[in-house]
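Chemist: sequence and predicted structure are below.
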Amino acid sequence: MNPSDIPSTSTPNDYRPRFRDAADFGFAPDASGIDNTAALQRAVDPGGTIVVSRPGTYDIAGTVYIGSHTALVFGQGVILRKVAERGDFTHVLLNKGALTKTHDQGIAIEGLHLQVNGVDKSFDQVYGLRGQIAFFYVKDLRIERFRCHDLMSMQFAIHVCTFEDLRIHDAIIKGKKDGVHLGRGRRFAIKHCVFQTHDDAVALNAHDYATSNPELGWIEDGVIEHCHDLAEPENKKPTGFFCRILAGAWIDWRPGMEVQHSDTVVSHGRLYRVQAQPDGAVLLSTTQPAHTGGSTILDGINWGVVQNDVTYTAGVKNVVFRDIFLHNPRTAFSIHFDNDRYSRSYYPSAPIPVQRHILMDNVRILHDHPAPLLAIGTPVDVVSFAHCHLGHNRIEFRHQQAMPDYGKTTLCLTGCVFEAAGDMDLLVNRVPGKRIVLTTTASAAIH
């Protein structure tokens, strides 16, 4: 869809009726997916509050674009089902400004029950934006009572990047891929959610694969609260974590530098990334990227423009995890760099990205598997644990060979309960020269 074809969004001073039923525009359980897509688009275009009140399963065959000051409310018994009447597509809902990097604001999605129905495509409109519902360049976004039980292997359920003031409340997400996947942004809350995902339940990916986030930067000032990570059926071995925290850093472009797939550079006041095959090939860059949009091949390297504001680091800071119930026998939290053929988060000699001020309050391990509670593979200043219940679940520092000095990390444990029967390794360090300060207060071992 051409951005110029997207109807303009109404303003708060528009005096047209502000509450509408989508049925009045032809949105119906017995309509085709193509007709329903067009009908729902007509309903949301003026903004305001749009209600889908009639129970039933509504086929949807393409993306519906949501503009500012719009609330889309689905009643009880309403299900949106993706269908490939015009072929596979990525997003069911996408904000209009995502296509032009223009902020939308004041958007609410309530009561959406989505059936993926096998229609799964990595991305097709914004490079790296993979959400079944996706928002890019958005402020004041609220998602409530979201349900999705059949995620496939390509797309995340909810994907939000470059945001301010995000609230996700009361979601149940199950399937193969990430539940909530965030890129750069500030001020967020993810509360009262249930996850049963083969990949990450929550991904705070400040850095990411080139194909998994459209922009890079810091994720900060958030709360993830009262969430459950359920074990997968049939005892499948998960690939992800309850929460993945990815950091990264890069340098200015210089002639003769070696790059690989997903590497980032700063050039002419913009960020560029290598968009190649994840085959581990090392490429020599001798021509400086300077194009202002899209992608261009230079020296056999496909450089894509990522963003026009420059940062040299990406990470996570000031995030609270509170009342987290972990049933899934996997590493619960991982703070790390990617360092493989798919992505190299930290470019050698880049500025060091230090993750800051992570708090875990009342995190409870509810399985018997000795998987780490927390694995750390980047510089982190302080991680605090309060009133956490642990079994054989250690804190582990892992050496990813990205940099020579991982700095000092302080671990503060207050009022924690260790439920392991017998001896356990609370802290395991695999990083040569790593400096760790461990303090404990009012904690207890019950065996």
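Modeler: Perfect, thanks for sending it. Numbering: from 1, shown residues only.
Chemist: partners of the lowest-mean-pLDDT helix or strand in the chain in the sheet?
Modeler: Least confident helix or strand of the chain, by mean pLDDT, DSSP states H and E, is strand 444-445 with a mean of 89. Strand 444-445 has the following strand partners under DSSP bridges: strand 417-418 (parallel).
Chemist: can you check the pLDDT for the residue nearest the centre of the chain?
Modeler: Note on the chain: the residue nearest the mean C-alpha position is His181, at 1.6 Å, using CA atoms, centre = their mean. Predicted confidence (pLDDT) for His181: 98.
Chemist: tell me what the host helix or strand of it is packed against?
Modeler: For His181, the element it lies in under DSSP states H and E is strand 180-182. Other elements packing on strand 180-182 under the criterion 3 or more CB pairs under 8 Å, 6 or more residues apart in numbering; DSSP states H and E are strand 156-175, strand 185-197, strand 202-205. Backbone N, C-alpha and C define where each C-beta goes, glycine included.
Chemist: contacts for it, please.
Modeler: 130-131, 156-161, 163, 166, 168, 171, 173, 188, 190, 193, 200-205, 212-213, 219 (CB atoms under 8 Å, 6 or more residues apart in numbering).
Chemist: if we use 6 Å, what do you get?
Modeler: Residues from elsewhere that reach strand 180-182 (CB atoms under 6 Å, 6 or more residues apart in numbering): 156, 158-160, 190, 202-204, 219.
Chemist: sheet partners, orientation included, of it?
Modeler: By DSSP bridges, strand 180-182 pairs with strand 156-175 (parallel), strand 202-205 (parallel).
Chemist: distance from the chain centre to the longest one, please.
Modeler: In terms of CA atoms, centre = their mean, to the nearest Å, the gap separating the centre of strand 156-175 from the centre of its chain is 8 Å.
Chemist: stretch 72-82 now?
Modeler: For stretch 72-82, the separation from the chain centroid amounts to 23 Å (computed by CA atoms, centre = their mean).
Chemist: kindly report the same for stretch 195-211.
Modeler: On CA atoms, centre = their mean, the centre of stretch 195-211 falls 5 Å from that of its chain.
Chemist: next one: stretch 262-271
Modeler: That offset, for stretch 262-271, works out to 22 Å (CA atoms, centre = their mean).
Chemist: repeat for stretch 362-374
Modeler: In terms of CA atoms, centre = their mean, the gap separating the centre of stretch 362-374 from the centre of its chain is 22 Å.
Chemist: cool, stretch 342-360 as well?
Modeler: Counting by CA atoms, centre = their mean, stretch 342-360 comes out at 17 Å from the chain centroid.
Chemist: that one: which residues count as buried?
Modeler: By neighbour count on 16 or more other CB atoms under 10 Å, the buried set for stretch 342-360 is 342-347, 350, 352-360.
Chemist: now do stretch 270-281
Modeler: 270-276.
Chemist: so for that stretch, mean pLDDT?
Modeler: 93.
Chemist: who's in contact with that stretch?
Modeler: 210, 259, 261, 263-265, 289, 301-308, 341-342.
Chemist: of those residues, select the buried ones using a ChimeraX command.
Modeler: A single ChimeraX command selects the buried members of the contacts of stretch 270-281 (16+ other CB under 10 Å):
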select :210,259,261,263,264,265,289,301,303,304,305,306,307,342
